[in-house]
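# for reference, the sequence and a predicted model appear below.
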Amino acid sequence: MKDRYLPGLREPDNLHKGKKQIKSISRITAPGKAGPLHTINMRMISHNSVSRLWIPILALTVLAGCKNKEKETRNPEVIRTEKPVEKKARAVWTKDRAHQWYEEQPWLVGANFNPSTSINQLEMWQEDSFDPETIDRELGWAEAIGMNTMRVYLHDLLHKQDKEGFYDRVDQYLDIADKHHIRTLFVLFDSCWDPFPETGKQRDPKPHVHNSGWVQSPGQKVLQDSTRYSRLERYVKETVGRFKDDKRILGWDVWNEPDNMTGPSYEKVEISNKVDLVLPLLKKVFIWAREANPSQPLTSGVWTGDWSVHEEMHPMHILQLEQSDVISFHNYDHPEDLEKKIKQLQRYGRPMLCTEYMARPNGSTFEGFLPIARKYNVGMYNWGLVDGKTQTKYPWDSWTKTYTSEPKVWFHEVFHTDGKPYKKSETELISKLTTEANAR
């Protein structure tokens, strides 16, 4: 500090030279203080006078320094002058950057994966129920028919419950998937199904009911309480940051169907303003994920409505499309509708992933969808790989209609639990198209 007269509280040398006079002591400041403790202007003061004056000034200076040190010890924030370094979120990829990334990928074909032994994302990842043997076996079946990617759901409560254990299991899963030449698109949040998730043992499936145990992330209580969003921020930043350069990860789907109100399954307990709460939170989630500076792309898939006129779309869909590095969408309708939606989304000039499709009774099938997707070079993820505790071979209307036996036509899923294809012609088609597309 420029106005500090006596650095380290040393006495001037001329105080020890007999009765030599000092013209002035201009400023004396206490350590750690911005201003002077005393300002003294003196002329013609003798050595003895200065010595007598110096002792009380020194005492006051030391006392002030001790008091400051005491405050600093009690509360280190009290005298902090440095501003915290703010991380700047990376920008949305340019279209050129997005296409450069996509050109490095094979034609992406895979499934939304949850092992058959887990009812939801919590049961998949918690320590007591994590099942690497089943994951290994079922991803092996996927690899055998040419699938090269999986879309897999995470959950914020897993991070809260056991962060390091959770990350270890994610790493173990990624090792298994990588062994089978499968890269993963991770989903961070989800607005579908049960709004009251809890860790611990998950309930048993309701017989013959589609996705009877799937849970939302974040849950309703957290969504309604913005004071808890800091925990969600840590979950996003730490999770994406932990794996931001991991080549085994294809990308980050930051929020699945953010404007989904769950329909008849949980309509009696859903809050009416859910979408109004999710919209600003999704904006934050995109920022948080970008602040982790991932090398992989971010996306969030639109799934309903008319996408033909950008300005007329729902604000949620506009946000999703404008903030996604690569475009993603869902389609469970007929093949002609798939092609229509692809053409609507082409105007954004970005690579496209259809991250959910395949509901056989609806007309959304492998035979109808995959050739169209190949034509437009759209990556494809059908819902469901192996029949199991999610029971998504039953249709959505199983929440309102009673089923007592297996449906004649499976709604979702590719394999029986023993690895036998539900429909051999489907797996042969997947194998044929992926082999042709990715023969390099």
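Yep, that arrived.
# can you show me the helices along the stretch 201-350 of the chain?
220-223, 229-242, 274-291, 315-323, 335-345 (DSSP state H, counting those that start in this stretch).
# what's the closest of those helices to V302?
Among the helices of the stretch 201-350 of the chain, the nearest to V302 by C-beta to C-beta is helix 315-323 (4.7 Å). C-betas here are computed from N, CA, C, even on glycine.
# next, format the helices of the stretch 201-350 of the chain as JSON lines and append distance to T149, mean neighbour count and mean pLDDT.
Below are the helices of the stretch 201-350 of the chain laid out as JSON lines (distance: least, C-beta to C-beta, whole Å; neighbours: other C-beta atoms under 10 Å; pLDDT from 0 to 100):
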{"stretch": "helix 220-223", "distance to T149": "29", "mean neighbour count": "18", "mean pLDDT": "99"}
{"stretch": "helix 229-242", "distance to T149": "18", "mean neighbour count": "18", "mean pLDDT": "99"}
{"stretch": "helix 274-291", "distance to T149": "19", "mean neighbour count": "18", "mean pLDDT": "99"}
{"stretch": "helix 315-323", "distance to T149": "20", "mean neighbour count": "19", "mean pLDDT": "99"}
{"stretch": "helix 335-345", "distance to T149": "19", "mean neighbour count": "17", "mean pLDDT": "99"}
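# redo those as CSV? Include distance to T299.
Shown next, in CSV, are the helices of the stretch 201-350 of the chain (distance: least, C-beta to C-beta, whole Å):
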stretch, distance to T299
helix 220-223, 21
helix 229-242, 13
helix 274-291, 10
helix 315-323, 8
helix 335-345, 12
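# V170 is nearest to which of those?
Closest among the helices of the stretch 201-350 of the chain, using C-beta to C-beta: helix 229-242, at 8.3 Å.
# so which of the helices of the stretch 201-350 of the chain comes closest to K424?
Between the helices of the stretch 201-350 of the chain, helix 335-345 lies closest to K424; by C-beta to C-beta that is 21.1 Å.
# ok, then the element right after the closest one?
Next helix or strand after helix 335-345 toward the C-terminus (DSSP states H and E): strand 352-356.
# that next one vs helix 335-345, what angle?
When axes from the mean of the first three to the mean of the last three C-alpha atoms, to 10 degrees is applied, the directions of strand 352-356 and helix 335-345 differ by 140 degrees.
# who does strand 352-356 touch, helix- and strand-wise?
When contacts are defined as 3 or more C-beta pairs under 8 Å, 6 or more residues apart in numbering; DSSP states H and E, strand 352-356 packs onto strand 327-330, helix 335-345, helix 366-376, strand 379-383.
# would you confirm that Y422 contacts V414?
Yes: at 6.2 Å, Y422 and V414 qualify as touching, with contact defined as C-beta atoms under 8 Å.
# out of the two, which sits in the busier spot?
V414 (25 against 18; other C-beta atoms under 10 Å).
# what's near enough to touch the nearest residue to that one once chain neighbours are set aside?
Among residues not flanking V414 along the chain, L385 sits closest, at 5.5 Å (C-beta to C-beta, 6 or more residues apart in numbering). If you count contacts by C-beta atoms under 8 Å, 6 or more residues apart in numbering, L385 has them with 111-114, 138, 141-142, 150, 413-415.
# can you do 6 Å?
111, 113, 414 (C-beta atoms under 6 Å, 6 or more residues apart in numbering).
# that one and K87: what is the separation?
37 Å (C-beta to C-beta, to the nearest Å).
# distance of the residue nearest to V414 from T239?
23 Å.
# how does this structure divide up, domain by domain?
Listed domain ranges for the chain are 7-74, 95-437 (source: automatic domain parsing).
# from those, which stretch is densest packed?
Neighbour counts (mean count of other C-beta atoms under 10 Å) averaged over each of those peak at domain 95-437, with a mean of 19.
# quick one: end-to-end distance for that one.
End-to-end span of domain 95-437 (C-alpha to C-alpha, to the nearest Å): 23 Å.
# kindly report the same for stretch 116-133.
Terminal-residue distance, stretch 116-133 (C-alpha to C-alpha): 11 Å.
# for that stretch, the distance to its chain's centre please.
Distance of stretch 116-133 from the chain centroid (C-alpha atoms, centre = their mean, to the nearest Å) equals 20 Å.
# sorry, back to before: which stretch among the helices of the stretch 201-350 of the chain comes nearest S129?
The nearest among those, by C-beta to C-beta, is helix 229-242 at 19.8 Å.
# report all helices and strands that that closest one contacts.
Where contact means 3 or more C-beta pairs under 6 Å, 6 or more residues apart in numbering; DSSP states H and E, helix 229-242 is packed against helix 156-179, helix 274-291.
# what would these look like in a markdown table with distance to T392?
Converted to a markdown table, the helices and strands packed on helix 229-242 look like this (distance: least, C-beta to C-beta, whole Å):
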| stretch | distance to T392 |
| --- | --- |
| helix 156-179 | 20 |
| helix 274-291 | 23 |
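# coming back round to it: what's the closest of the helices of the stretch 201-350 of the chain to E127?
Closest approach to E127 among the helices of the stretch 201-350 of the chain (C-beta to C-beta): helix 229-242, 17.1 Å.
# pull the residues that contact the closest one.
Contacts with helix 229-242, where a contact means C-beta under 6 Å, 6+ apart, come from 156, 159, 167, 285, 288-289, 292, 294.
# which strand residues bridge A359?
S364 (DSSP bridges).
# okay, it: pLDDT?
Residue-level confidence at A359 comes out at 99, pLDDT.
# touching, it and H334? I think so.
No: judged on C-beta atoms under 6 Å, A359 makes no contact with H334 at a distance of 10.6 Å.
# please report how far the residue nearest to V414 lies from G301.
Taking C-beta to C-beta, one finds L385 at 19 Å from G301.
# pLDDT averaged over the helix or strand where M124 lies - what is it?
Here M124, judged by DSSP H and E, is contained in helix 121-125. In this model, helix 121-125 has a mean pLDDT of 99.
# the helix or strand following that helix to helix 156-179, inter-axis angle?
Sequence-wise, the next helix or strand beyond helix 121-125 is helix 132-144, with elements assigned using DSSP H and E. Relative orientation of helix 132-144 with respect to helix 156-179: 50 degrees, computed using the same axes, to 10 degrees.
# so what does helix 132-144 touch, helix or strand wise?
Using 3+ C-beta pairs under 6 Å, 6+ apart, the elements in contact with helix 132-144 are helix 156-179.
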